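Asker: Sequence and predicted structure below; questions after.
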Amino acid sequence: MAHDHAIGHDDHEHHAPPSGIMRWITTTNHKDIGSMYLWFSFIMFLVGGAMALVIRAELFQPGLQVVSPDFFNQMITLHALIMVFGAIMPAFVGFSNWMIPLQIGASDMAFARMNNWSFWILPVASGLLVLSMFVPGGAAGTGWTLYPPLSIQMGMGMDLAIFGIHLLGMSSIMGAINIITTILNMRAPGMTLMKMPMFCWTWLITAFLLIASMPVLAGAVTMLLTDRHFGTTFFNAAGGGDPVLFQHIFWFFGHPEVYIIALPAFGVISQVIPAFSRKPLFGYASMVYAIAAIAVISFFVWAHHMYITGIPLTGQLYFMYATMVIAIPTGVKVFNWVATMWKGSLSFETPMLFSLGFLFLFTLGGFSGLVLSITAVDILLQETYYVIAHFHYVMVAGAVFSAYAGAYYWLPKWTGYMYDEFLGKVHFWLTLIFFNMTFFVQHFLGLAGMPRRVPDYALQFTEFNMISTIGAFGLGISQLLFLYIVLKARKGGVKATTQVWDGAEGLEWTVPSPAPYHTFETPPVFEGGKH
């Protein structure tokens, strides 16, 4: 017996948990990994934001003054790739890592070590993207869409971008496999799929989107790579290829990608709005079906990005109508959120403010998307600043506002301390005002015909560009306030109670599903009042 005990003791000494930096490099804890995703995404958000400020500084007035046209194009490419793959997606994967096990009553993610791996691929991949600026010839100056023939002629920076995108796709696919397996196999007893919190549903469907669309992007950039170095002519008309083929493959990934970003955002909003309305989510089942419908339809609308490539008229009409159809399930969701707030006992803490900002701005972005879905209109507005305005209303208002809503909402749960509510509200109002100042005027620039991706422009566009640039610098600087708020909350201060949001937190767990007993501080409320 003593001998056994001694062996166990030695064993225990041998396997002391790693501390310091090794704890983070080797961790398999879903909360640690979630935190790393969130910190990484915020750092990349600042990096991508700095690139956006280079773009806006150049466009402050006509004439070339800050950077060369070539570097300007590199900034446009890297800003987009880093914001999409390095900032927005990892932020929502961070939320999923933190919250999905807690919300379904699982002890951790299904594949804990793969979870660690899928995170650590990210800094390497993003590093390759940033590094591509410093190789001979600089980064790819193609825009994030990487269209040939330009991308076939680019220098070594393009190869680094292709490799980086492959790694980012690997990371996403591993994360998606993990999320699907966790949600389908590790729910607590009594937690049926239709009782899961909405955030879990949006991520389950998003994970299927990732697995279906990421390999398509990998195929596109692999064909690009072989065109560049191995003599194939997939996209070279001289060898029987077609540059428009690349656009079809790219957008078959690219449109679902938009919803890979938007659906987790919908999930966060569907947690926050009921909590601050003190009511369960209106029309839970219809929300689930709407998300599934959006996901399916997103695969059938890709060529609405391609009206000006010479696709046949019947194709243009099909893509126009298919694109309009996606507005229906999206409308269902918006009405459900509004109905949730209707006659609720509303309070307007920071998470709710960001959710309302999301609701208003995302809907606006949806309407400009509906404008662009009309083929005849899009042919005039394609490649103008109207498109830029549209997708920033959908992406920044859709993803960033909802990510902030989620961060403020769950921060007390993560840190054990309340954040500074006054500073949170200041952060919201600064973000809202500067965001609209930056992007609203771009609708007018686009309608007046200002082309996108150009470092210089005609004099009549000056005033709106000045407003946009001032707004962009204001928007960028005000995000540093969020960093301060989070660091302050982590240090300590007012302790968060078990019911952080006046019983709303209790509402969140017990209305959609019986909370598993071992996961939360408050005892669960099961039907019949028995544990």
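Answerer: Arrived safely, thanks for sending.
Asker: I'd like the next helix or strand past the one helix or strand Ile179 maps to.
Answerer: Assigned by DSSP states H and E, Ile179 belongs to helix 156-185. Using DSSP H and E, the helix or strand that follows helix 156-185 in sequence is helix 198-229.
Asker: Against which helices or strands is that next one packed?
Answerer: With contacts defined as 3 or more CB pairs under 8 Å, 6 or more residues apart in numbering; DSSP states H and E, the packing partners of helix 198-229 are helix 89-104, helix 150-153, helix 156-185, helix 243-277, helix 284-297. For every residue, glycine as well, the C-beta is placed using N, CA and C.
Asker: could you give me the average pLDDT of the third one?
Answerer: Per-residue confidence for helix 156-185 averages out to 96 on the pLDDT scale.
Asker: in this structure, which ranges drop under the pLDDT threshold?
Answerer: Scanning the chain for pLDDT under 70 picks out the ranges 1-14, 502-531.
Asker: residue closest to the middle of it?
Answerer: Ile88 (3.2 Å; CA atoms, centre = their mean).
Asker: For the nearest residue to it once chain neighbours are set aside, grab phi and psi.
Answerer: Residue nearest to Ile88 in three dimensions, not counting chain neighbours: Ala399, with 4.6 Å by CB to CB, 6 or more residues apart in numbering. Per-residue torsions, Ala399: phi -90, psi -50 (degrees, to the nearest 10).
Asker: so Ala399 makes contact with Leu263?
Answerer: No: if you go by CB atoms under 8 Å, Ala399 and Leu263 don't touch, sitting 10.4 Å apart.
Asker: contact partners of stretch 285-303?
Answerer: 194, 198, 201-202, 205-206, 208-209, 212-213, 248, 251-252, 254-256, 258-259, 262-263, 266, 270, 281, 309, 311, 315, 319, 322-323, 325-326, 328-330, 332-333, 336 (CB atoms under 8 Å, 6 or more residues apart in numbering).
Asker: Of those, just the buried ones, PyMOL syntax please.
Answerer: Selection of the buried residues among the contacts of stretch 285-303 in PyMOL, burial being defined by 16 or more other CB atoms under 10 Å:
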select buried, resi 198+201+202+205+206+208+209+212+213+248+251+252+254+255+256+258+259+262+263+266+270+281+311+319+322+323+326+329+330+332+333+336
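Asker: quick one on the thing from earlier: between the helix holding Ile179 and helix 243-277, how many degrees?
Answerer: For helix 156-185 against helix 243-277, the angle by axes from the mean of the first three to the mean of the last three CA atoms, to 10 degrees is 50 degrees.
Asker: Number of residues surrounding Phe391?
Answerer: Phe391 has 17 neighbours, counted by other CB atoms under 10 Å.
Asker: ok, it - contacts?
Answerer: With CB under 8 Å, 6+ apart, Phe391 has these contacts: Val258, Gly365.
Asker: in which helix or strand would I find it?
Answerer: helix 385-395.
Asker: what about dumping the CA coordinates of that helix to CSV?
Answerer: Only the C-alpha atoms of helix 385-395 are listed here, as CSV (Å, rounded to 0.1, in the frame of the first residue of the first chain):
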residue,chain,number,x,y,z
TYR,A,385,-17.4,53.1,-52.3
TYR,A,386,-21.1,52.1,-51.9
VAL,A,387,-20.0,48.5,-51.7
ILE,A,388,-17.4,49.4,-49.1
ALA,A,389,-20.0,51.2,-47.0
HIS,A,390,-22.4,48.3,-47.4
PHE,A,391,-20.1,45.5,-46.2
HIS,A,392,-18.6,47.6,-43.4
TYR,A,393,-22.1,48.2,-42.0
VAL,A,394,-22.6,44.4,-42.1
MET,A,395,-19.1,43.4,-40.9
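Asker: which residue sits closest to Leu346 in space, ignoring its chain neighbours?
Answerer: Using CB to CB, 6+ apart, the nearest residue to Leu346 is Ser277, at 5.7 Å.
Asker: residues near that neighbour, how many?
Answerer: If you count neighbours by other CB under 10 Å, Ser277 ends up with 23.
Asker: related to what we said a few turns ago, just say which of the helices and strands packed on helix 198-229 is most tucked in.
Answerer: helix 89-104 (a mean of 26; mean count of other CB atoms under 10 Å).
Asker: same for the helix or strand that that one is followed by, what does it pack against?
Answerer: Going down the chain from helix 89-104, the next helix or strand is helix 112-131, by DSSP H and E. Applying 3+ CB pairs under 8 Å, 6+ apart, one finds that helix 112-131 contacts helix 30-58, helix 69-81, helix 156-185.
Asker: quick one: which of the ones you listed is nearest Met450?
Answerer: With respect to Met450, and counting by CB to CB, the nearest of these is helix 30-58 at 13.7 Å.
Asker: Just the buried positions in the closest one, please.
Answerer: 30, 32-38, 40-45, 47-49, 51-58.
Asker: tell me what it is packed against?
Answerer: In terms of contacts (3+ CB pairs under 8 Å, 6+ apart), helix 30-58 is packed against helix 21-26, helix 69-81, helix 89-104, helix 112-131, helix 401-415, helix 462-491.
Asker: For the closest residue to Met437 other than its chain neighbours, give me its contacts.
Answerer: Of all residues not flanking Met437 in the chain, Gly471 sits nearest, at 3.0 Å (CB to CB, 6+ apart). Counting by CB under 8 Å, 6+ apart, Gly471 touches Phe434, Phe435, Asn436, Met437, Thr438, Phe439, Val441.
Asker: Which strand or helix spans Trp354?
Answerer: To be clear, residue 354 is Phe; Trp isn't right here. Assigned by DSSP H and E, Phe354 belongs to helix 350-373.
Asker: In PDB, list the C-alpha atoms belonging to that helix.
Answerer: In PDB, the C-alpha atoms belonging to helix 350-373 read as follows (Å, rounded to 0.1, in the frame of the first residue of the first chain):
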ATOM      1  CA  THR A 350     -23.400  48.400 -22.100                       C
ATOM      2  CA  PRO A 351     -24.000  44.900 -23.600                       C
ATOM      3  CA  MET A 352     -27.600  46.000 -24.400                       C
ATOM      4  CA  LEU A 353     -26.400  49.200 -26.000                       C
ATOM      5  CA  PHE A 354     -24.000  47.400 -28.300                       C
ATOM      6  CA  SER A 355     -26.800  44.900 -29.200                       C
ATOM      7  CA  LEU A 356     -29.200  47.800 -30.100                       C
ATOM      8  CA  GLY A 357     -26.400  49.400 -32.100                       C
ATOM      9  CA  PHE A 358     -25.900  46.100 -33.800                       C
ATOM     10  CA  LEU A 359     -29.600  45.800 -34.600                       C
ATOM     11  CA  PHE A 360     -29.900  49.300 -36.100                       C
ATOM     12  CA  LEU A 361     -26.700  49.300 -38.100                       C
ATOM     13  CA  PHE A 362     -26.800  45.700 -39.300                       C
ATOM     14  CA  THR A 363     -30.400  46.200 -40.600                       C
ATOM     15  CA  LEU A 364     -29.200  49.300 -42.400                       C
ATOM     16  CA  GLY A 365     -26.300  47.300 -43.900                       C
ATOM     17  CA  GLY A 366     -28.900  44.600 -44.900                       C
ATOM     18  CA  PHE A 367     -30.900  47.200 -46.800                       C
ATOM     19  CA  SER A 368     -27.900  48.500 -48.700                       C
ATOM     20  CA  GLY A 369     -27.200  44.800 -49.500                       C
ATOM     21  CA  LEU A 370     -30.700  44.500 -50.900                       C
ATOM     22  CA  VAL A 371     -30.000  47.600 -53.100                       C
ATOM     23  CA  LEU A 372     -26.800  45.900 -54.400                       C
ATOM     24  CA  SER A 373     -28.700  42.600 -55.100                       C
END
